[in-house]
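Engineer: sequence unknown, structure follows:
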């Protein structure tokens, strides 16, 4: 396994500390300015924008302002993937225990996949999650093949396939992508390390090693 030299790790740590100190200084200066005089509307709007940007970085592993579906497939196809996604996902009930599809990186036990207090959440407050992949068959005369991959702990995976063409893409153009949409959709094409997760027997993902990685900004347009 390749190991980076110690000085490089130290430099990164110093850079991080410097960035934290700079942000703290900016916040302190802003607080002092606000204490001295109420901010004008333009200043408040700028402050709100900066706050959203700073909060976005640790919360979402995608560029701020970009939805994961748009990042993976381009905005038009990303909107299509959301538009034709399975609507209400009823839980499967094996042995009397209802289970919802979840993010396998966050939930691997049946107990955390049981229905929660409201739609879109499990009993452990995990979001109902579906993974996606898109195959462009238009060069060969087909359309877009959108696969929705649902993982339920102890049950494994099942797949829902939708076929769409240019007319459906156009119909979805007015849709607004929102990170809070239900269910959460995660593109497999841009999921880091997706082929290297370890699953128990019977839960092996059928998509392993079959999804081509898409660079940031990949477009099916």
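Structural biologist: Nice, I can see it. Just so it is clear, the structure is predicted and the values come from calculations on it, not from any experiment. Numbering: from 1, shown residues only.
Engineer: Can you give me the end-to-end span of stretch 157-173?
Structural biologist: Taking Cα to Cα, to the nearest Å, stretch 157-173 runs 30 Å from one end to the other.
Engineer: which parts of it are buried?
Structural biologist: Counting neighbours by 16 or more other Cβ atoms under 10 Å, one finds that the buried residues in stretch 157-173 are 157, 162, 164, 168-169, 172. From N, CA and C alone the C-beta is placed, and that goes for glycine too.
Engineer: Widest-spaced pair of these?
Structural biologist: The most widely separated members of the buried residues of stretch 157-173, counting by Cβ to Cβ, are 157 and 169 (26.8 Å).
Engineer: Tell me where the model's unsure across the protein.
Structural biologist: 1-65, 88, 214-221 (pLDDT under 70).
Engineer: Show me the strands in the protein, by range?
Structural biologist: In the chain, the segments counted as strands under DSSP state E are 129-136, 144-152, 156-164, 184-187.
Engineer: Beta-bridge partners for residue 132, please?
Structural biologist: With DSSP bridges as the criterion, residue 132 is bridged to residue 148, residue 187.
Engineer: That one and residue 187: what is the separation?
Structural biologist: Shown here: residue 132 relative to residue 187, a distance of 5 Å by Cβ to Cβ, to the nearest Å.
Engineer: number of nearby residues for residue 192?
Structural biologist: Burial of residue 192, expressed as a neighbour count using other Cβ atoms under 10 Å, amounts to 7.
Engineer: and the gap between it and residue 100?
Structural biologist: Spatial separation of residue 192 from residue 100 under the definition Cβ to Cβ is 24 Å.
Engineer: Check residue 187 too.
Structural biologist: Taking Cβ to Cβ as the measure, residue 187 and residue 100 are separated by 20 Å.
Engineer: which neighbours do residue 132 and residue 187 share?
Structural biologist: Each of 69, 72, 81 lies in contact with both residue 132 and residue 187 under the rule Cβ atoms under 8 Å, 6 or more residues apart in numbering.
Engineer: Make sure residue 83 is actually in contact with residue 171.
Structural biologist: Yes - between residue 83 and residue 171 there is a contact at 7.3 Å, judged by Cβ atoms under 8 Å.
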